[in-house]
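>>> what follows is a predicted structure for the sequence shown.
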Amino acid sequence: MLEKTIEKYKKEIIKKTQELIRIPSVNSYSKNPYKPFGENINKALEYMLDLGNQLGFKTKNIDGYCGYIEFGEGTDLVGIIGHLDVVPEGEGWNFSPFSATISDNKIYGRGAIDDKGPVIASLYAMKAVMDTCKVQKRVRLILGLDEERNWKCINYYKEYEESPTIGFSPDADFPCIYAEKSVLTSYLSMDFSTTNQNNIIIKDIDCNHNAVNVVPKFASITLKINPDNIFMCDFTSVIKSIIDNHNFEIDIYQINDEEIKLTSHGLQAHAAHPDLGINAISRLIVVLDELFKNYSINVELFDFFSRYINTEYDGKSLDINFKDESGCLTLNVGNFAIENNILQIGMNLRVPINTPIIEIGNRFIKFTSSYPNLDFDTPKYNPSLHIPKDNYLVQTLCDIYNKFTSSSAEPIAIGGATYARAFDNCISFGPNLPGQKDMCHQTDEFISIDNLILASKIYAEAIFKLSQI
């Protein structure tokens, strides 16, 4: 019955997914206290709440920080926790990032898989259950708006609203996720003026507003030389030699006799899977380190990076090559900036569940201690999630997936961070299928229409099952 109901809504699910993707809900600065994450994210929230009302649900806008869509009765609450904000679109798309183009039975667009398609699939799964089944609990789709940055939305929700007693986040992989690594956002910075030289000046750095949890596809820097001491022809020759030696894709643009711009190109990917991308910032910094040293200029930040992080990060140089059942420690360099002479790189680390977070900070402090002008700061830490594989919720959701796909898959661990870790007794559940390439945060992000409908059917069964226990 539930599967047939989802099939009935198939065209509507596709259409509503497209309409939601077309709202460019990237986090932006806002002075409006009721639209704290910007106009476009607020439009996405209003779109979902209006849709929820049209479908017959109870809805609530929670001061512009988040919202929910709900049905059912009872004291217990089943939560489905998704988000409507997306990372910046990036460059190099074959389709416009917010066009929601359908091609080859796929819906392309920023947020298609992360997390707008799954949110729509969850909403129509709720609709199917509401229309055909009797539930013993309330079921609530919680709509976050700041997942890709600081989680202010979900923290606000937890402060003012009821937490689910059981639930899932449709923001990862099938069959289901029993463990998620810790997430650490850290910064290395230095005062560039301490180099005590004026032969090469950094005028500007541009990373196209790359999010720290995205492997950057683009990074550029504008350098100004002292023409009394450095000839531009020699300068460009040295740069070209360094780039060729590494076989990096970095373009050289001479602006005038004193200024030159380097533009580094990479491959975008989710920071949880840095091995799937090519980091444009990392490659640029490696070149800069060699370039400055060629002119006897030691930039501590660049030197530290080349020695201990580099472009193929595995943690061994910093002696932080931790690994457990949740996988290896990974590090993504997602930000590179200079402001008021402070040069800085931002890093996103995914830390195995059994590794004490203090160990990471201790390693960085140990290795930065020999760099007097280098500062290390960790302003953001998101603890890991770990629910035993034999837990009822884990087993129930995994069994539902296996039933629909005639599989015998086991629960898995991931490096991604979902809203599941914000609540007790919640795990992440779909929509990526085993063996599929993870398109989260990538160029030409898409969701297969077949997988979108399959996920909605699986979610409907899960909602019904969890609402009965």
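The structure has been received and is ready for your questions.

>>> tell me the domain boundaries of this structure?
Following automatic domain parsing, the chain resolves into domains at 2-180+386-466, 183-382.

>>> where exactly do the strands run in the stretch 301-450 of the chain?
323-324, 327-328, 330-339, 342-351, 374-382, 385-386, 412-414, 426-428, 431-432, 446-448 (DSSP state E, counting those that start in this stretch).

>>> does residue 287 count as helix, strand or coil?
Following DSSP: H, G, I helix; E, B strand; the rest coil, the label given to residue 287 is helix.

>>> poorly predicted segments of the protein, please.
By pLDDT under 70, the low-scoring segments of the chain are 311-321.

>>> quick one, helices of it?
2-8, 10-21, 39-54, 117-132, 152-160, 232-246, 280-294, 300-308, 357-368, 392-405, 449-466 (DSSP state H).

>>> residue 109 against residue 100, yeah?
Yes: counting by Cβ atoms under 8 Å, residue 109 does reach residue 100; the two are 4.5 Å apart. In short, each C-beta sits where N, CA and C put it, glycine included.

>>> tell me which of the two has more neighbours.
Using other Cβ atoms under 10 Å, the more surrounded residue of residue 109 and residue 100 is residue 109, with 30 against 25.

>>> which ones are touching the residue nearest to the more buried one when sequence neighbours are not counted?
Once flanking residues are discounted, residue 109 sits nearest to residue 21: 3.8 Å by Cβ to Cβ, 6 or more residues apart in numbering. Going by Cβ atoms under 8 Å, 6 or more residues apart in numbering, residue 21 touches 98, 100, 107, 109-112, 116-117.

>>> how close does residue 21 sit to residue 120?
Distance of residue 21 to residue 120, computed by Cβ to Cβ, to the nearest Å: 9 Å.

>>> and residue 414, by the same measure?
22 Å.

>>> of the two, who's got more company?
residue 120 (29 against 22).

>>> ok, now which ones touch that one?
Residues near residue 120 by Cβ under 8 Å, 6+ apart: 13, 16-17, 20, 452.

>>> do you know how far it is from residue 40?
Where residue 40 is concerned, residue 120 sits at a distance of 17 Å (Cβ to Cβ).

>>> which neighbours do residue 109 and residue 100 share?
By Cβ under 8 Å, 6+ apart, the residues touching both residue 109 and residue 100 are 18, 21-22.

>>> dump the residues you listed to a markdown table, plus distance to residue 410.
As requested, these are exported to a markdown table (distance: Cβ to Cβ, whole Å):
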| residue | distance to residue 410 |
| --- | --- |
| 18 | 34 |
| 21 | 32 |
| 22 | 38 |
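
>>> which among the residues you listed gets closest to residue 62?
residue 21 (23.2 Å; Cβ to Cβ).

>>> my guess is residue 60 contacts residue 67. True?
Yes: judged on Cβ under 8 Å, residue 60 makes contact with residue 67 at a distance of 6.0 Å.

>>> and those two? Which one has more around it.
Using other Cβ under 10 Å, the more surrounded residue of residue 60 and residue 67 is residue 67, with 24 against 15.

>>> may I have the beta-bridge partners of the more buried one?
residue 61, residue 143 (DSSP bridges).

>>> okay but it is in contact with residue 50, surely?
No: judged on Cβ under 8 Å, residue 67 makes no contact with residue 50 at a distance of 10.6 Å.

>>> for those two, list the residues in contact with both.
Contacts common to residue 67 and residue 50, judged by Cβ under 8 Å, 6+ apart, are absent.

>>> how many residues are close by the closest residue to residue 403 other than its chain neighbours?
Spatial nearest neighbour of residue 403, chain neighbours left out: residue 461 (7.8 Å); criterion: Cβ to Cβ, 6+ apart. Residue 461 has 22 neighbours, counted by other Cβ under 10 Å.

>>> go on, the one 5 residues further on?
Counted with other Cβ under 10 Å, residues neighbouring residue 466 total 25.

>>> before we move on, what about residue 326?
With neighbours defined by other Cβ under 10 Å, the count for residue 326 comes to 26.

>>> which residues pair with the residue nearest to it when sequence neighbours are not counted across the strands?
Distances taken as Cβ to Cβ, 6+ apart put residue 413 closest to residue 326, at 3.9 Å, once the chain neighbours are dropped. Residues in a beta bridge with residue 413, per DSSP bridges, are residue 179.
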